[in-house]
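Undergrad: Quick one: sequence plus predicted model below, questions after.
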Amino acid sequence: MSARRLLPLLCLTLSLGAVSAAGATPQGPNGRIAFALNDGSGGAELYSVNADGTALRRLTWSPQVEQAPSWSPDGTRIAYEGGSHIWVMNADGSSQTELTSGTQDMDPAWSPDGTRIAFARPSSNGWNVFVMSADGSGLRRLSDVSGNDPAWSPDGRRLAYVGPDGIGVVGIDGSDPHRISALGAYAAGPSWSPDGTRIVFSRNNAAGFPGELFVANADGSGEQQLTSDGYANAHPSWSPDGTQIVFQRTATPPFGSTLWAIGTDGGGLRQISSSGGATGPDWGSSQVVPEPSPPGAPIIEIYSPDPNMLYLPTSQTPAFYRCLSYVTFVVTCDGDVPVGALLDLSQAGAHTFSVRAVDAQGRTATSTVTYNVVDIVPPEIDIRTPSDRATYDLGAPVTVDYSCSDPKGTGVQVCAGDLPVGAPIDTSHTGTYAFHVFAVDNSRNISQKTSTYTVVDRRPPTIQITSPGNGASYTLGQAVSAAYWCASSPSAHLVSCLGPVANGGSVDTSTVGTKTFTVNAVDDQGKTATATLSYSVVYAFSGFDSPVGAGGSLGSAKAGDSVPLKFSLRGNQGLGAVTQTTWQASSCTDWSALGSPATAQAKLSYSASTDRYSDLVTTDASWKGTCRTISVWLNDGTRHSVRVQFTK
C-alpha cells in the first residue's frame with residue numbers, strides 16, 4: 001500500500017500491516033535501487049541510487065504523489081503509482097506515460113519477460129489483482145481472490161500477493177490461489193528470490209506496524225525470521241543476484257524510514273541511504289546512472305576548457321565555469337576540478353569535462369564539453385630480446401620480443417623491427433650484430449631504437465664412449481679394452497680427456513655386479529663435460545649339468561626325492577655366489593606361473609676337483625603329477641631356472 005494513503009487509511013495500516021513492496025526482482029547483475037522519498041509535506045517523488053548509496057538521482061518532479069516503483073526486467077523503464085494511476089517512464093524519468101485511469105490503482109509489478117504489468121485495484125469484494133500489457137492494453141482481473149501488492153515469480157507463471165490472512169500465491173491464469181505464509185502476525189510485501197525458490201516478506205509488530213522480515217520457501221515451508229532488532233522493517237526486495245535484500249527501516253513508524261540491505265542469511269546488515277522518508281525500494285539490474293533533466297533545471301556555462309581550442313601537454317590552463325538558475329538559487333556547482341584549478345592535460349587526445357549543478361528545489365543539470373590535447377611526444381620502444389649488450393651462445397634459440405607504447409599520447413600506429421615479434425634470431429655464426437625497431441604514433445611522431453648483441457661459441461667439450469658399451473654385460477674376468485675420445489669446440493683447445501683407465505686400457509671386470517664408467521673432459525676456456533655409462537659383470541654360467549637336460553628341463557622326477565642341480569661358475573666363487581633357491585608351481589601345459597614363488601630347502605656345496613657347484617634341492621611327496629620351476633639366484637643379479645615335471 002502506498003505512502004500517500006497512509007494518513008487516510010492509518011487504522012487500516014495498523015491492522016493490515018506494511019505498505020507494499022515493488023514486486024518481481026529482475027534477473028541480472030545488482031544495479032540501482034528505485035524508491036519513493038517523502039518530502040515532508042505530504043508529497044513523494046521517485047529516486048534511484050546505487051547499491052552502495054552513491055549517485056542519488058531524483059527522477060520525478062510532480063505535484064502528485066509518485067511511489068511504489070517497479071523496474072522493468074531490462075532496467076530501461078520503471079512502472080510506478082502516480083495520482084492513483086499506474087504509470088511507466090524511462091529510467092532517467094523521461095517519457096512518463098499514464099497506463100490506467102482507475103480511482104485507486106496501486107502496487108505495479110513488471111512481469112519477468114517485460115510484456116505485462118500486474119497491479120491492485122479495489123472492487124466489490126475488496127482489493128483484487130489485475131494484469132495488463134505493458135502498454136496498458138488487455139486489462140483483465142486475475143481472479144476474485146481478495147489481494148493486493150502482487151509480485152511475479154521469476155518464471156512468470158505465478159503471482160504472490162497480500163491476502164487478508166497472509167501471503168498468497170496464485171497461478172497467472174487465476175488458478176490455485178492458496179496461502180503460503182504461516183499463521184501469525186499480519187504479513188505483507190512479498191518479493192521472490194531470483195531463482196524462484198523463496199519469498200521474503202514482512203510481519204506486523206505488536207503496534208500494528210511492519211516489524212520483522214521473514215523468508216519462506218515458495219511452497220510456504222521453512223519459514224524463518226530474517227531480522228530481530230525491534231525496528232520497523234518493511235518493503236523487502238531481493239537483489240538480482242540473489243545474495244541481498246533491500247528494505248525500508250525505521251525506529252519511529254510510520255515515519256523516518258531509510259534504506260537498508262541485509263544478506264539472505266540475516267548477516268551483513270548495512271545502511272544504503274540516510275534520507276528520511278524513503279519507502280518502497282525495488283532493486284533492479286540497471287547499472288546506468290541517469291542524468292535527468294528536470295523542469296527549470298540550473299543553467300551551466302563552461303568557458304574553460306574551450307572545445308574550439310587545442311591544448312599542449314605542457315600548458316597550464318585553469319578551469320572556469322559558472323551555474324545559474326532563473327527560478328531559485330543554486331546550491332552546488334561542481335566540475336571535474338574546482339574553478340581555478342588546472343585542467344588535466346597530461347594525456348593527449350580527446351577529453352571530456354563535466355559540471356553538475358543542483359538548485360534549492362533539488363533540480364539537477366549536467367553539462368559536458370569535449371576538448372583536445374595535442375600529442376607532441378614520440379612513442380616509446382622497449383626491446384626485450386635481443387637486449388642491448390646481451391651475449392648469446394652459438395646456436396642458442398633466441399626469439400624476438402619488443403613492443404611500442406605511447407603513454408599519454410594518441411596511440412601507436414606503426415611498430416616494426418628488423419624481424420617481427422616471435423621470429424627466431426640467427427645465432428648460427430659468432431660475431432656482434434645490431435637489431436633495429438622504429439615506431440610511429442597517430443600524431444606522426446617517430447622514434448627509433450637499436451639493440452647490439454654478441455653471439456659467442458661457449459659449447460663444452462664432447463665425449464664419445466664406445467667401450468664398454470652402455471648397458472653391456474661381460475663375464476667375470478673377461479678382457480675388455482676401454483675405447484673413448486673427447487673433442488672441444490672450434491674456438492677452444494682440449495686440455496684433458498680422462499677416464500677410470502687410459503684409452504685402450506683394461507675395463508674392470510674383476511668382480512660381479514653393475515658398474516659405471518665415467519670420462520671427464522676440460523678445455524682451455526675452463527668448460528667441462530662428463531659422460532657416464534653403466535655395464536654389468538656376471539658369472540660365466542654355462543648351464544646345468546645332467547640330470548638337467550640341455551633345454552633346462554628335468555622330466556620324470558620323483559616327488560619327495562631331492563633334485564641335484566650341478567653347474568660351473570669357472571672357479572670357486574664362494575658359497576655366497578648363490579643368494580637363494582626358489583620353487584614356483586607352474587602349468588604343465590605352458591609352464592605359466594601358478595601362485596607366488598617360495599624359498600626352497602637346498603644344500604649348496606662346491607667341488608674343486610670338478611669345478612662344479614652342487615645345489616641339492618628338497619622336494620615334497622605331495623607334488624606327484626605336478627610341474628614346478630626351480631630357480632637359482634646368483635649374487636651377480638642373474639637367475640637360472642629348471643623346469644621339473646614330477647611323475648604320478
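TA: All right, it came through fine.

Undergrad: what pairs with residue 234 across the strands?
TA: Beta bridges link residue 234 to residue 248, judged by DSSP bridges.

Undergrad: where do the strands sit along the stretch 251-400 of the chain?
TA: Under the criterion DSSP state E, counting those that start in this stretch, the stretch 251-400 of the chain contains strands at 258-263, 270-273, 278-283, 299-304, 310-311, 320-324, 330-335, 349-359, 364-373, 380-385, 390-393.

Undergrad: got the phi/psi numbers for the most far-flung residue of the chain relative to its centre?
TA: Distance from the centre of the chain peaks at residue 609, with 81.5 Å (Cα atoms, centre = their mean). Torsion angles at residue 609 (phi, psi; degrees, to the nearest 10) stand at phi -70, psi -30.

Undergrad: so which of the strands of the stretch 251-400 of the chain gets nearest residue 457?
TA: Distance to residue 457, taken as Cβ to Cβ, is lowest for strand 390-393 among those, at 7.4 Å. Bear in mind the C-beta positions are built from the backbone N, C-alpha and C, glycine included.

Undergrad: What degree of burial does residue 325 show, as a neighbour count?
TA: Applying other Cβ atoms under 10 Å, we find 20 residues neighbouring residue 325.

Undergrad: check contacts around it.
TA: Shown in contact with residue 325 (Cβ atoms under 8 Å, 6 or more residues apart in numbering): 296, 298-299, 357, 359.

Undergrad: Kindly report the same for residue 530.
TA: Counted by Cβ under 8 Å, 6+ apart, residue 530 has contacts 463, 518-521.

Undergrad: out of those residues, who's nearest residue 483?
TA: Taking Cβ to Cβ as the measure, residue 483 sits nearest to residue 519 out of the contacts of residue 530, at 10.7 Å.

Undergrad: Please identify the helix or strand for the spatially closest residue to residue 83 that is not a sequence neighbour.
TA: In this structure, residue 83 finds its nearest non-sequential neighbour in residue 64, 3.9 Å apart by Cβ to Cβ, 6 or more residues apart in numbering. Per DSSP states H and E: residue 64 is located in neither a helix nor a strand.

Undergrad: for the stretch 101-250 of the chain, what spans make up the helices?
TA: Applying DSSP state H, counting those that start in this stretch to the stretch 101-250 of the chain gives no helices.

Undergrad: Tell me which stretches of it form strands.
TA: Using DSSP E, counting those that start in this stretch, strands in the stretch 101-250 of the chain cover 106-110, 116-123, 126-133, 140-141, 148-152, 158-163, 166-171, 178-179, 187-192, 198-204, 210-217, 224-225, 232-238, 244-250.

Undergrad: In JSON lines: these, plus mean pLDDT, mean neighbour count and distance to residue 351.
TA: Conversion of the strands of the stretch 101-250 of the chain to JSON lines gives the following (pLDDT from 0 to 100; neighbours: other Cβ atoms under 10 Å; distance: least, Cβ to Cβ, whole Å):
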{"stretch": "strand 106-110", "mean pLDDT": "96", "mean neighbour count": "28", "distance to residue 351": "39"}
{"stretch": "strand 116-123", "mean pLDDT": "95", "mean neighbour count": "22", "distance to residue 351": "43"}
{"stretch": "strand 126-133", "mean pLDDT": "94", "mean neighbour count": "19", "distance to residue 351": "45"}
{"stretch": "strand 140-141", "mean pLDDT": "94", "mean neighbour count": "10", "distance to residue 351": "54"}
{"stretch": "strand 148-152", "mean pLDDT": "96", "mean neighbour count": "28", "distance to residue 351": "45"}
{"stretch": "strand 158-163", "mean pLDDT": "96", "mean neighbour count": "27", "distance to residue 351": "50"}
{"stretch": "strand 166-171", "mean pLDDT": "95", "mean neighbour count": "22", "distance to residue 351": "53"}
{"stretch": "strand 178-179", "mean pLDDT": "94", "mean neighbour count": "13", "distance to residue 351": "60"}
{"stretch": "strand 187-192", "mean pLDDT": "95", "mean neighbour count": "29", "distance to residue 351": "43"}
{"stretch": "strand 198-204", "mean pLDDT": "94", "mean neighbour count": "26", "distance to residue 351": "46"}
{"stretch": "strand 210-217", "mean pLDDT": "92", "mean neighbour count": "23", "distance to residue 351": "47"}
{"stretch": "strand 224-225", "mean pLDDT": "94", "mean neighbour count": "12", "distance to residue 351": "53"}
{"stretch": "strand 232-238", "mean pLDDT": "95", "mean neighbour count": "29", "distance to residue 351": "39"}
{"stretch": "strand 244-250", "mean pLDDT": "95", "mean neighbour count": "25", "distance to residue 351": "36"}
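
Undergrad: domain assignment for this structure?
TA: Here the domain parsing of the chain from automatic domain parsing is 3-283, 299-373, 380-456, 462-538, 553-646.

Undergrad: between these, which gets the lowest average pLDDT?
TA: Mean pLDDT per stretch puts domain 3-283 lowest among these, at a mean of 87.

Undergrad: residues touching residue 223, list them.
TA: Per Cβ under 8 Å, 6+ apart, neighbours of residue 223: 181-182, 214-217.

Undergrad: Any of the contacts of residue 530 buried? List them.
TA: 463, 519-521 (16 or more other Cβ atoms under 10 Å).

Undergrad: Tell me which two of the residues you listed sit farthest apart.
TA: Across the buried ones among the contacts of residue 530 (Cβ to Cβ), the longest gap, 8.1 Å, separates 463 and 520.

Undergrad: What's the local residue count around the closest residue to residue 273 other than its chain neighbours?
TA: Excluding its sequence neighbours, the residue lying closest to residue 273 (Cβ to Cβ, 6+ apart) is residue 259, at 4.2 Å. Neighbour count for residue 259, taken as other Cβ under 10 Å: 24.

Undergrad: gap between residue 259 and residue 290?
TA: Separation of residue 259 from residue 290 (Cβ to Cβ, to the nearest Å) stands at 18 Å.

Undergrad: these two touch, right, residue 399 and residue 425?
TA: Yes: if you go by Cβ atoms under 8 Å, residue 399 and residue 425 touch, sitting 7.2 Å apart.

Undergrad: next structured bit after the helix or strand encompassing residue 564?
TA: Following DSSP H and E, one finds residue 564 within strand 563-567. Using DSSP H and E, the helix or strand that follows strand 563-567 in sequence is strand 578-586.

Undergrad: Now do that following strand and strand 563-567, the angle between them.
TA: Inter-element angle recorded for strand 578-586 and strand 563-567: 130 degrees (by axes from the mean of the first three to the mean of the last three Cα atoms, to 10 degrees).

Undergrad: List the contacts of residue 59.
TA: 34, 45-48, 78, 89, 91-93, 290, 292.

Undergrad: cutoff 6 Å now
TA: By Cβ atoms under 6 Å, 6 or more residues apart in numbering, residue 59 lies in contact with 46, 93, 292.

Undergrad: Export those residues as a markdown table, with columns for distance to residue 589 and neighbour count.
TA: As requested, the contacts of residue 59 are exported to a markdown table (distance: Cβ to Cβ, whole Å; neighbours: other Cβ atoms under 10 Å):
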| residue | distance to residue 589 | neighbour count |
| --- | --- | --- |
| 46 | 94 | 26 |
| 93 | 95 | 24 |
| 292 | 96 | 21 |
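
Undergrad: nearest to residue 333, of these?
TA: Nearest to residue 333 among these, with distances taken as Cβ to Cβ, is residue 292, at 17.4 Å.

Undergrad: Before I go, just wanted to say thanks for your time.
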